[in-house]
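S.K.: Mind looking at a prediction? Sequence and model below.
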Amino acid sequence: MLIVELLNLLSRMAHSGVHKDRGELRIHENLDELGTDLAEYIAELSEASVKERGVFTIAISGGSLIGLMGRLCEAPYNKTVDWAKWYIFWADERVVAKTHADSNYKLAKDGLLSKTDNPEQIFDNHLPLPPQPIVFLSNVNSPSPVGEFEGNHYQMPIVSAEEAADDYEFHVRQLVKTRTINVSDISDCPKFDLILLGMGPDGHVASLFPNHPVLDEKDEWVTFITDSPKSPPERITFTLPVINSASNVAVVVTGESKAEAVHLATDDVGADCLSLPARLVRPIRGKLVWFLDKLAASKLDGSRFSE
Ligand SMILES: O=C(O)[C@H](O)[C@@H](O)[C@H](O)[C@H](O)COP(=O)(O)O
């Protein structure tokens with residue numbers, strides 16, 4: 001068994017590389033291997049953070065990433081991961097009710113978190129805010145005191161994307177104040193233990209889209225957009241300073257449709273590609289890892305792996 005694991009590890013390493021600015025690339029034969037490696041990576045970081053600080057602060061995105069994290073709900077991770085110590089945040093969220101099909105919260109709840117052995121440990125919606133393990137858009141996603149009853153029907157407060165972003169940033173700031181979320185050594189930014197991102201074929205990450213003015217946001221931790229080229233149009237998102245202050249950032253990308261964007265985001269390319277959102281992910285003091293399948297890695301410059 002040990003020998004098989006060692007051989008697997010060696011074969012994985014043979015397909016991996018490190019680029020000095022662009023992070024570590026882990027290229028996997030198939031989604032199954034990628035899922036196992038990703039679960040192993042998350043479980044290790046979770047264990048180290050819980051040991052060091054008693055909690056694990058993780059921010060996740062939507063999209064196919066959630067399905068690729070599925071191995072975490074299986075043995076041995078379902079038993080070894082200390083889910084009760086997780087504080088889960090959203091790297092981005094769509095401004096819709098938490099029951100809406102477009103909600104990243106719903107996606108993560110149905111597709112991942114409710115499948116853990118003790119979902120109530122991490123998914124107790126009755127816990128008051130704050131603190132609670134899952135920080136969601138409280139105004140958008142849960143009835144709050146500013147909502148109203150219309151007959152016997154609770155009318156959720158209608159909030160704008162801007163209000164949702166402010167509300168979310170407020171909650172993140174509270175948790176930074178109490179140091180549940182670590183703080184960056186070089187700015188006042190939160191320092192999440194891990195931020196997990198997907199990437200679109202256009203190179204967007206979280207809800208930071210190419211050529212969008214929010215790429216230049218330096219002051220806010222959470223910002224909003226109302227013109228997302230990917231539906232739905234209204235979203236809130238961590239800004240680049242927050243993403244780049246994390247201790248660890250992983251970008252998980254699969255499929256041929258993203259191969260060109262992976263190349264532009266990680267290889268030595270011309271100046272016109274330097275502002276691709278995924279390329280702007282560059283943790284200042286943290287570690288960046290790309291989890292790719294063979295198809296997503298198919299347009300990478302081969303020279304990278306000669307080391
Ligand atoms: O809310 C979103 O749209 C996501 O957070 C987004 O950033 C996603 O991660 C990428 O679009 C990749 O999505 P896929 O992996 O599904 O292509």
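M.R.: Structure received.
S.K.: for the closest residue to residue 188 other than its chain neighbours, helix, strand, or coil?
M.R.: The shortest distance from residue 188 to any non-neighbouring residue, by CB to CB, 6 or more residues apart in numbering, is to residue 176 (8.0 Å). Just so you know, the C-beta spots here come from the backbone N, C-alpha and C atoms, and that holds for glycine as well. When the structure is split into helix, strand and coil by DSSP: H, G, I helix; E, B strand; the rest coil, residue 176 lands in helix.
S.K.: which ones are touching residue 176?
M.R.: Residues near residue 176 by CB atoms under 8 Å, 6 or more residues apart in numbering: 183, 188, 190.
S.K.: which residues pair with the first one across the strands?
M.R.: Listed by DSSP bridges, the beta-bridge partners for residue 183 are residue 190.
S.K.: quick one on the thing from earlier: and which of the contacts of residue 176 is nearest the ligand?
M.R.: Of all these, residue 190 has the smallest distance to the ligand: 18.3 Å, by CB to the nearest ligand atom.
S.K.: longest helix of the chain?
M.R.: helix 31-53 (DSSP state H).
S.K.: Summarise which helices and strands it is packed against.
M.R.: Contact partners of helix 31-53 among helices and strands, from 3 or more CB pairs under 8 Å, 6 or more residues apart in numbering; DSSP states H and E: helix 2-14, strand 23-28, strand 56-60, helix 65-68, helix 77-80, strand 194-197, strand 248-253, strand 287-293.
S.K.: so it versus strand 23-28, what angle?
M.R.: Interaxial angle, helix 31-53 versus strand 23-28 (axes from the mean of the first three to the mean of the last three CA atoms, to 10 degrees): 140 degrees.
S.K.: interface residues of the stretch 51-200 of the chain facing the ligand?
M.R.: Along the stretch 51-200 of the chain, the residues adjacent to the ligand under the rule CB under 6 Å from any ligand atom are 61-65, 92, 94, 104, 198-200.
S.K.: 5 Å instead, please
M.R.: 61-64, 92, 198, 200 (CB under 5 Å from any ligand atom).
S.K.: Buried ones among the residues you listed?
M.R.: Those of those that meet the buried threshold are 61-63, 92, 198, 200, by 16 or more other CB atoms under 10 Å.
S.K.: Which residue lies closest in space to residue 229, excluding its sequence neighbours?
M.R.: Closest to residue 229 by CB to CB, 6+ apart is residue 209, at 5.7 Å.
S.K.: Can you redo the helices and strands packed on helix 31-53 as CSV, where the extra columns are mean pLDDT?
M.R.: Shown next, in CSV, are the helices and strands packed on helix 31-53 (pLDDT from 0 to 100):
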stretch, mean pLDDT
helix 2-14, 43
strand 23-28, 97
strand 56-60, 92
helix 65-68, 96
helix 77-80, 87
strand 194-197, 98
strand 248-253, 98
strand 287-293, 98
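S.K.: and residue 46, which of the ones you listed is closest to it?
M.R.: strand 56-60 (4.4 Å; CB to CB).
S.K.: Pull the residues that contact that closest one.
M.R.: Outside of strand 56-60, the residues that reach it under the criterion CB under 8 Å, 6+ apart are 42, 45-46, 49-50, 66, 69, 82, 85-91, 104, 108, 175, 180-182, 190, 192-196, 238, 246.
S.K.: gap between residue 193 and residue 223?
M.R.: Relative to residue 223, residue 193 is positioned 22 Å away (CB to CB, to the nearest Å).
S.K.: mind showing which ranges of the protein have poor pLDDT?
M.R.: Confidence mapping of the chain against pLDDT under 70 gives the ranges 1-16, 18-20, 117-158, 303-307.
S.K.: now, the most widely separated pair of the residues of the stretch 51-200 of the chain next to the ligand?
M.R.: The most widely separated members of these, counting by CB to CB, are 64 and 92 (14.5 Å).
S.K.: quick revisit: in JSON lines: the helices and strands packed on helix 31-53, plus mean neighbour count.
M.R.: Formatted as JSON lines, the entries for the helices and strands packed on helix 31-53 read as follows, by neighbours: other CB atoms under 10 Å:
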{"stretch": "helix 2-14", "mean neighbour count": "10"}
{"stretch": "strand 23-28", "mean neighbour count": "21"}
{"stretch": "strand 56-60", "mean neighbour count": "24"}
{"stretch": "helix 65-68", "mean neighbour count": "20"}
{"stretch": "helix 77-80", "mean neighbour count": "14"}
{"stretch": "strand 194-197", "mean neighbour count": "26"}
{"stretch": "strand 248-253", "mean neighbour count": "24"}
{"stretch": "strand 287-293", "mean neighbour count": "22"}
